[in-house]
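can't give you the sequence, but here's the structure:
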């Protein structure tokens, strides 16, 4: 079927050449990211349960996890959690299924959700004790009747009039912010084992000066004294600085960026009275232990970043069902299409932007409009690449079923 | 100090010789007992925390756990939990302590409570998966200021005008009911491994005919078919019958009781249409998995039984602080006093009843009234035993501090 | 049908002539009573909904309300509620009904429960602002399948093997305790308008000396100063003393009781330093505003009293369904039978005790055993009165349907 | 003080002249907007409490309300709420204040929050019965110590490294979407009284064709039959169409837009079998009554719209404290600055974009960077207007204190 695909060139200044650029990434342990991760892990677990039981994914949306910060008393050498974090899993799911032979089956959706959420926390947050540091409650109910009617039809019809947005390639600043956060939460752990999972990386570029401001919850039991903490923060900054240049040198050979790194800037490390010193210490490596709340859809977009100089969608991807939910599928797909077109065009595109607009109750593979925009120094870009862009877009839309399975198997990032 | 102890004889018919007698015991897995057990385990954990931190037990009462039944779908061979049980830990505790040097310490009371509750469930209910079958939430707040004022004084003053009641020895029916439940939840597990922890034993005696009605949640995964279930129930009944006679023959040599046993009487096992059969099957061995709620203080009294033909106190013992709470200490102590007096008197007492009445804000070792009653066929009993009864009572009251530690160490039953 | 009714005489000392007697009543505003009242009001509202919709009462039990105390800051002239009380309505109800024409109806059970609970609080506690002082949450689920099967049959079969206990008439102490609490919460409000609804009356009699210890939460906004409070407490004590004698003189003409009254004994009213004074002040007249928790079934028995010198049932009556629940119906009915027999016998009975023992799955009007006991100075009492006692018992059992409607209409006390 | 203000011209195509444009507004009754509204009303109430008690606004953030959809059974003529909506107020607040004379004051933050939330619901949603249709719970705790340290200093220092984004003027599509939603929830209620408050308006423009897709929860009791509903929807569409043209004709005289209106497109209104018809009926006019969840910060940006073709901030404004929270203040201020510059320049600006970037712990009136961008057909725009733009920006930053009071008094929109 012919899709409503349009391709056009726009003559904007690409983000990388703007005078200022702001890019943020909330790491896996930021309260908003934890909410996203829990919501998505619950959705994946439900999908697997539905597939195992019925060979198909039944209606659900679990995109509203609320994290209520606890209270803690961190201390050098190891402190205590005073009040556990409270996590409320919210959403709706298909809970009862009427079999072909007229029998009503009830599904263990709440137990599956609870188990998935606890697994997620255990796997990702080694310093969190899920027995005593966190309470997980569920309020997952039945979906509204109207939406379930749409869903029950068995065809993959868009659930809403909504849209998705994606772009490629990443600017140097975006690339650095993303890679630095991944490094902190992976390779750097060997060098600074006391760094926690709650990391926020803010990159603000003015001209070719890139400030990386990193806030990272440090885990108290790894530091027996303020001195050890100070040393770790110094090492932390050095490692990040090196990493940032590595990333830039590797992916953007002729860059001229100056990187400046700030770690835990709210710390006060060398007061006249040592008692006035302030450290970003936590028991669990997570700020949610002490008052920081979190909820789904307020952190990273589906490409892993917050980019106020780029078009963004407000839709949360995490926790939405990966079958009919435009707000999830079209965001992820837009990114994928943009990436594939940018790659196909080699370095000729400064920026590819993709927007997909759904029509409610129409097949999800057939959007109301699929709009591809090029920013390129080549005035001829549309003529050269529009046909390939169109074909990539059409193919991605046709393969949207496969995307669903990739999401369920965790092969697509959603935050 | 001279205590207000009175001893008298009353010429009641002892319970064992009444025409009818009703005795009930809710086993460790009954929802009300679970609430009791959780409340008590939380109180014990708080006591240990307070002692470790401050060398003394600070004010708390955690005697209001609420269990909200879940939903399950048991099935031969193994079913599923549909909705987890919800457990709310309620109470108040000393959460902040002002140190001698004027610094405010905050205590991890909620984490300690949560950890204690989860441990308790794991240790006692092997078929319950605390990850997915249960949600534990806490709403433990600060105590009211007035009560804490009383408490802070550091002296052990009674917290309330209240009373405790105890009696000894147990009648044959009481002894059988208690021992049979213990057997079901201990030794019998080797013979009938599929029997769960939620057991209720009701003994109703008319003359010398003792009916034992047992309801026991069976664990579905141990039974692959209705036939296996039926066989287990038959064996269950036989074993209990034998146990009951063993108990009677061992402790009451010249008894003439006839014991009749009924197990899971609400079952329907051999309907014309097998689909109409009803089995008391559960996934976890606990009826709370499917709609049965529970709360503290509604089950067994501190002696382990519910005995409507005996004087009883309405006070819940479980979860109350074991330092100043009359409702806990005086009930446990009354039982202890009655037991010691009955033992001292050899078989001469048909019944010893003890009642302790506190006076608020007076030392807990000095009750307003300590009243000991004898039922004995020997009209001279008071003359012979009152002095010893009085001395036992006084000594027990003087040793009330030691009782506190025994409670904390789990050496005293509270439900 | 011939009932299993037995009548016998026992030669116990009646409670009124024992050397000691303890009687307690928790007033309507005590946290445990509030839990009872809420549970019962929810059950009544559900009954009315079921009757209106289907002409019959469907299965439910809402007998597990949990009250979690709030935090307050009372002050002369009027203080503030710092944290609202949290109330959790717990239980199970018939939520979905399959019509005769095969359509599934869903019932607004949760909204009805919520509305009933709020109404109850508003009507009974004029100083409580239900908008800001209290949070009411519900976790009422579907009943367990087995129990609902029993229930669905439409016949009134006992839901359990259980029992009820009742006695009559009240002793002087019992009468005084009951009437004094009623007076405090009714007529006395005109004289001491600042007295709250949370009242506990403890009567402890030693010989003919009756100590009435009253704890009553006073409402702060009615008192502009400590002096006004002190005056009110003094007046309070006087009024109660007078009331106690009025009750005794009216109902027990030849009594020789000495009544001593203590009001709010934990108060400290005239310290050297006025700051050390302690007052039982509240914002709402309810101690649950500041840390006192409450739950169903831990307060008064169905006759309105706690009487440790009398046989009692542990079963909570409040909130249980009034159709098949033995724990509710047999307790209320036992009281009624005892009252009617005692009345029929004029003053000849010192005490009538009634116990009803159910058999699960048998008609509720046909207990396994109905046992009536007389305590009377007339050795011939059984011969004279057993036939009438039997006939009263049989009639009450036959009329158990009417009792259900009386309960729903609020014509029977349950706590 | 000299601010870091930069002004530049960019040669982007203004949104209004792009080939496609998508603009969305969630009305006051959309679940995400309700969460925003509640969060903001709670913050305002706390601000007023703090000002009244201490003359200054103390630390708080209440920006995490979670709405868990209920269950309902709407019906022509009036249906029922089956399960109440559950609303959890989340955040942290200053709860205890140490007076100058060393006394600890506790503040009624939770009661104030609860009261504010209930008021908000009552004022805005006339068809919602807050007694029975909704449960409001609170989990507002103390703020984390580090942040409160920053705050306590009494100076207005930025709480975070963050940014705000604003633009002006609105495009025709944006203007229409905003005004149409306001009309539906205000003037149109007189014409279509059965239209509810849960409205979502999606404007998607392709060239000069503007599709307005409106979803509006209709209130069942206003419609006695499907026919009445159909008539109302038809009238609804007509009125909106007229309104849209009125707005365009009034504000954009020479526009050439074609407006097409769709109302409740998921409805199925004239099936062969009337039972197959689907209506967007609700009891309360709010989709949260039946399964739709909501949370803060996922709906409209601070300018009232969701505009994926414009730069946006992910920061939620609602519920954040209006004193130090950059995520709130800088977003609102950016909009204000953009509006004032656009107005000052008459019609010469196609677009003014403002971005403010904070520096943590520096005065909030002194951002790290204030960046103003012009899109104008006049190549000389920067020369002509930069000085005025700079002066407006500086003045707005200097007046940020006044903005705080305007927010508290409800004079600034936050969603």
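Arrived safely, thanks for sending. Model, not experiment: these values are computed from the prediction. Numbering: from 1, shown residues only, chains lettered A, B, ... in the order given.

surely residue A:44 meets residue A:115?
No - under the criterion of C-beta atoms under 8 Å, residue A:44 is not in contact with residue A:115, lying 12.0 Å apart. Just so you know, the C-beta spots here come from the backbone N, C-alpha and C atoms, and that holds for glycine as well.

what does the stretch 151-300 of chain A put close to chain D?
A:161-163, A:165, A:202, A:204, A:206, A:213, A:265-266, A:278, A:280, A:287, A:290-299 (C-beta under 8 Å from any C-beta of the partner chain).

return the subset of those lying in helices.
Judged by DSSP state H, helices contain none of these.

narrow these to just the buried residues.
Buried members of those, counted by 16 or more other C-beta atoms under 10 Å in any protein chain shown: A:161-163, A:165, A:202, A:204, A:206, A:213, A:266, A:280, A:287, A:290-299.

what packs against the longest helix seen in chain A?
The longest helix of chain A (DSSP H) is helix A:226-251. Counting by 3 or more C-beta pairs under 8 Å, 6 or more residues apart in numbering or on different chains; DSSP states H and E, the packing neighbours recorded for helix A:226-251 are helix A:172-184, helix A:188-191, strand A:209-219, strand A:258-263.

now do that helix: distance to the chain's middle.
23 Å (C-alpha atoms, centre = their mean, to the nearest Å).

can you check stretch A:287-295 too?
Chain-centre distance of stretch A:287-295: 17 Å, with C-alpha atoms, centre = their mean.

pull the residues that contact that stretch.
A:30-35, A:64-72, A:74, A:81, A:85, A:128, A:133, A:198, A:217, A:282-283, D:63-64, D:66, D:90-92, D:141-145, D:147, D:295-297 (C-beta atoms under 8 Å, 6 or more residues apart in numbering or on different chains).

can you flag which of those belong to strands?
Judged by DSSP state E, those include A:66-68, A:71-72, A:81, A:85, A:198, A:217, A:282, D:66, D:90-92, D:141-142, D:295 as members of strands.

sorry, back to before: okay, the helices and strands packed on helix A:226-251 in a markdown table with distance to residue C:361 and mean pLDDT next?
Formatted as a markdown table, the helices and strands packed on helix A:226-251 follow (distance: least, C-beta to C-beta, whole Å; pLDDT from 0 to 100):
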| stretch | distance to residue C:361 | mean pLDDT |
| --- | --- | --- |
| helix A:172-184 | 64 | 98 |
| helix A:188-191 | 63 | 97 |
| strand A:209-219 | 59 | 96 |
| strand A:258-263 | 71 | 97 |
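
residues from chain A in reach of chain B?
Residues of chain A lying close to chain B (C-beta under 8 Å from any C-beta) are A:71, A:73, A:80-84, A:86, A:95, A:106-112, A:114-115, A:118, A:131-133, A:135-138.

show me the residues you listed that map onto helices.
Per DSSP H, the subset of those in helices is A:109, A:110, A:111, A:112, A:114, A:115, A:118.

now do the contacts for the second one.
Same thing as residue A:110. Applying C-beta under 8 Å, 6+ apart, we find residue A:110 in contact with A:138, A:140, B:82, B:83, B:84.

and the spatially closest residue to the first one that is not a sequence neighbour, what's its pLDDT?
Same thing as residue A:138. With C-beta to C-beta, 6 or more residues apart in numbering or on different chains as the criterion, residue A:138 has its nearest non-adjacent residue at 4.5 Å, and that residue is residue A:89. The per-residue pLDDT reported for residue A:89 equals 97.

so residue A:89 makes contact with residue A:114?
Yes - Residue A:89 is in contact with residue A:114 according to C-beta under 8 Å; the separation is 7.5 Å.

which residues do these two both contact?
In contact with both residue A:89 and residue A:114: A:136, A:138, using C-beta under 8 Å, 6+ apart.

could you tell me the end-to-end distance of stretch A:72-86?
This stretch, stretch A:72-86, spans 13 Å end to end (C-alpha to C-alpha, to the nearest Å).

does chain D sit close to that stretch?
Yes - residues of stretch A:72-86 contacting chain D under C-beta under 8 Å from any C-beta: A:83, A:86.

show me the contact partners of that stretch.
A:67-71, A:129, A:132-135, A:137, A:220-221, A:223-226, A:228-229, A:281-284, A:288-290, B:95, B:106-111, B:114, B:137-138, D:139, D:141.
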